[in-house]
Each structure stands twice: as C-alpha cells, then as structure tokens.
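# Quick one: sequence and predicted model below, then my questions.
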Amino acid sequence: MAKNMVQFQKGMSLFEFIRQYGSEAKCRAALFELRWPNGFRCPRCDHENYCEIKGRKVFQCNSCHFQTSVTAGTIFHSTNLSLVKWFLAMYLITQCKNGISALELSRFVEVSYNAAWRLKHKLMQVMLERGSDKRLTCRIEVDDSYLGAKRVSGKRGRGAKGKTSFIAAIQTYDSKPHLMKLSQIKGFRLTEIARWSMHHLRPYSTIVSDGLSCFNAVEKAQCIHERHVLGGGQEAVEHPSFKWVNTILGNLKNSLRGTYHGRRKKYIPRYLAEFQYRFNRRYELEKLVPRLAYVGARTPPMPDRLLKLAEKEW
C-alpha cells in the first residue's frame with residue numbers, strides 16, 4: 001500500500017526548531033521579519049526610518065519619535081514570557097497531531113498552569129480569528145454534531161440538555177477533503193443555518209446534507225442543496241456522500257477526548273478552531289510555526305478580561 005504523503009511528511013523537527021528559534025534573539029529577529037516583512041513602518045505615521053533603543057528593546061520613529069516594540073499591539077503584547085516560550089508553544093500546538101493540553105504545555109514550557117492556559121487560549125484565539133472569514137465553495141458535505149457531557153438521563157439525541165451544537169462542513173475536491181469549517185451555533189434552526197450560510201459559504205456551491213430540514217436554508221445563500229434522506233444508524237454513517245464529514249467528525253471527537261479532560265462550553269469555538277486550523281494547513285507542517293506567528297503579529301492584544309469572555313458562535 002502506498003504511503004499517505006500527508007501522514008508521513010516530515011514537518012518541523014525539534015532540532016530544526018532549535019536552529020531557527022532556539023534563543024530570544026532569534027525569536028525576536030524572526031518576529032520582526034514577520035511583522036514588518038518590507039522593513040519597519042511606524043504604527044503612528046508610517047515612516048520607515050527608525051533607531052533602536054537596545055536597552056529597552058524598542059524602536060523609535062525618526063519622524064514622529066513614537067516608540068514601539070516588536071510585540072506591541074499584537075497577541076504577544078505586554079507578555080511576561082520570553083518569546084522562546086511563545087514560539088515553543090506554537091511549535092507544540094501545531095506539530096502535535098491531536099494538540100496539547102494546557103497542563104502538558106505548562107510542563108514542556110516551564111510555566112505555571114495558569115500562564116500555560118492563557119498562552120494556549122491566546123494562540124487558539126488567533127486560529128479562530130484567522131479562520132472566521134474564509135468561505136467554502138464547490139462541493140461541501142455538511143452535518144449536524146454535538147459536544148458535551150455524557151448523557152445519563154433526560155432527553156436523548158438532538159436537543160439533549162448540556163450539549164453544544166456545531167456544524168461540520170467539509171469542502172471536497174477530486175474526491176478528497178480540502179478545507180474544513182467547524183462552527184458552533186445556537187441550534188439547528190432555519191434562521192441559524194441561513195445566517196451561517198451567508199457568512200461561510202460562497203454562492204452557487206453544492207451543499208450535501210442528510211436531509212435535516214434546517215439545511216434547506218443554505219438556499220438563502222444562493223447555494224444548491226443536495227439532500228440524501230437516510231434516516232439514522234449505520235447506513236447514514238457509511239453513506240459515500242458523507243464519507244469525509246463523518247471521518248473528520250470521528251477524528252475530531254477522538255482528538256478532543258484523548259487530549260482534554262474537560263472543556264468549558266464558552267471556549268468550545270477555540271477548541272474547534274484549533275483542530276480546524278491544523279487540518280486546513282496539514283500539507284505544510286514545516287511552515288505552521290512561522291504562519292501562526294505571522295497571524296499572531298496581526299491579531300490585537302487580548303487581556304484576561306477579554307480572553308475569558310464567552311465566545312461568539314463562529
């Protein structure tokens with residue numbers, strides 16, 4: 001059997017990570033290049049000439065004398081952690097197939113659990129914001145799914161108490177999965193699906209669903225709805241029209257169960273975004289660290305009061 005080239009790609013080795021980001025100076029230089037790839041530009045007046053005040057690790061504009069640092073105004077803003085620890089966290093989160101919990105991260109990075117939690121959630125927030133504006137097109141498999149505690153009593157199935165509803169959508173091309181979208185929603189209603197469709201689907205795409213009536217709302221986004229009414233059970237799971245969405249949902253839930261002991265409901269969009277971010281960039285593992293750092297340098301600061309607020313649905 002031929003090897004799966006995605007599965008067996010090298011990615012970035014630990015030795016390569018150390019070579020590129022093994023010191024504070026290397027990380028600072030890398031972040032400078034990622035933030036200002038065409039040379040320094042003053043955030044206030046856009047002037048390009050500057051001087052560096054090395055004792056304070058800031059850059060001063062020669063025109064307006066505004067001072068800034070390589071981390072100011074980014075997700076790294078006002079951090080007490082070294083950039084080496086930030087880059088190591090990005091390496092562990094992106095290179096581990098199933099992710100890494102905050103507890104494990106605290107051990108690898110040598111920080112407290114609370115610091116590791118903040119570090120991980122800030123990076124997951126970067127992933128969430130990066131993926132929020134990308135829309136799917138062509139042929140798209142969609143399915144309704146849920147996350148939550150085990151059911152011990154009460155209503156079963158859709159609408160069970162304590163469950164978090166989310167949509168799994170997989171864009172396929174040449175019979176292979178291409179892009180994924182995992183979006184928490186308030187419920188599987190026509191109004192919610194219509195709102196989701198307008199934000200996440202490109203017009204004239206073909207949406208393949210299991211016939212759940214709320215998915216008719218994709219037509220509001222000028223999409224073609226291909227319905228396969230299968231009922232439930234193993235027949236629906238194994239139907240070839242839903243091969244990839246069912247496979248990826250299984251991988252997602254196994255990953256979450258194997259990595260995290262628990263997840264607060266309001267942070268679920270971030271956990272979904274982390275899995276989605278790695279999947280959508282799975283062909284270039286060796287580039288995930290600089291790509292995440294690049295986006296982090298363009299994501300606004302997130303202090304604790306914002307980090308711990310409830311998340312939007314998508």
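Now that the structure is in, tell me what you want to look at.
# how about the helices in the stretch 1-150 of the chain?
For the stretch 1-150 of the chain, the helices defined by DSSP state H, counting those that start in this stretch occupy 14-21, 24-35, 83-95, 102-109, 113-131.
# Give me the below-cutoff pLDDT ranges for this protein.
Scanning the chain for pLDDT under 70 picks out the ranges 1-8, 149-161, 231-237, 310-314.
# redo that, cut-off 80
1-10, 148-162, 230-239, 262, 310-314 (pLDDT under 80).
# Give me the domain ranges for it.
14-132+287-307, 139-148+160-280 (automatic domain parsing).
# Can you get me a residue count around residue 181?
By the measure other C-beta atoms under 10 Å, the count of residues near residue 181 is 25. Every residue, glycine included, has its C-beta placed from N, CA and C.
# hmm, who's touching the helix or strand harbouring it?
If you go by DSSP states H and E, residue 181 is part of strand 176-184. Strand 176-184 has contacts (C-beta atoms under 8 Å, 6 or more residues apart in numbering) with 131, 134, 136, 164-172, 196, 200, 244, 247-248, 252, 268-269, 272-273, 275-276, 279-280, 311, 313-314.
# now stretch 239-250
141-143, 145, 168-170, 172, 176-177, 180, 208, 210, 226, 228, 230, 236-238, 279.
# swap in stretch 207-216?
Residues outside stretch 207-216 that contact it (C-beta under 8 Å, 6+ apart): 139-144, 188-190, 192-193, 197, 201, 218, 223-230, 236, 241-242.
# For PyMOL, what selects the buried ones among these?
Those of the contacts of stretch 207-216 that count as buried under 16 or more other C-beta atoms under 10 Å are selected in PyMOL with:
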select buried, resi 139+140+141+142+143+144+188+192+193+197+201+218+223+225+226+236+241+242
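# Keep only those of the contacts of stretch 207-216 that are in helices.
Among those, the members falling in helices (DSSP state H) are 190, 192, 193, 197, 236.
# Make JSON lines out of these and add distance to residue 73.
Conversion of these to JSON lines gives the following (distance: C-beta to C-beta, whole Å):
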{"residue": "190", "distance to residue 73": "41"}
{"residue": "192", "distance to residue 73": "35"}
{"residue": "193", "distance to residue 73": "37"}
{"residue": "197", "distance to residue 73": "34"}
{"residue": "236", "distance to residue 73": "48"}
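# pretty sure residue 267 is touching residue 120, no?
No. The pair residue 267 / residue 120 is not scored as a contact, 10.3 Å apart, by C-beta atoms under 8 Å.
# the more surrounded of those two?
residue 120 (24 against 16).
# Setting aside sequence-adjacent positions, which residue approaches residue 166 most closely?
residue 184 (4.6 Å; C-beta to C-beta, 6 or more residues apart in numbering).
# for residue 303, same thing?
Using C-beta to C-beta, 6+ apart and skipping residues adjacent in sequence, the residue nearest residue 303 is residue 78, 8.0 Å away.
# can you check residue 113 too?
residue 106 (4.8 Å).
# Give me the distance between that neighbour and residue 267.
17 Å (C-beta to C-beta, to the nearest Å).
# With residue 258 instead?
Going from residue 258 to residue 267 by C-beta to C-beta gives 18 Å.
# Equivalent analysis for residue 294, please.
Using C-beta to C-beta, we find residue 294 at a distance of 24 Å from residue 267.
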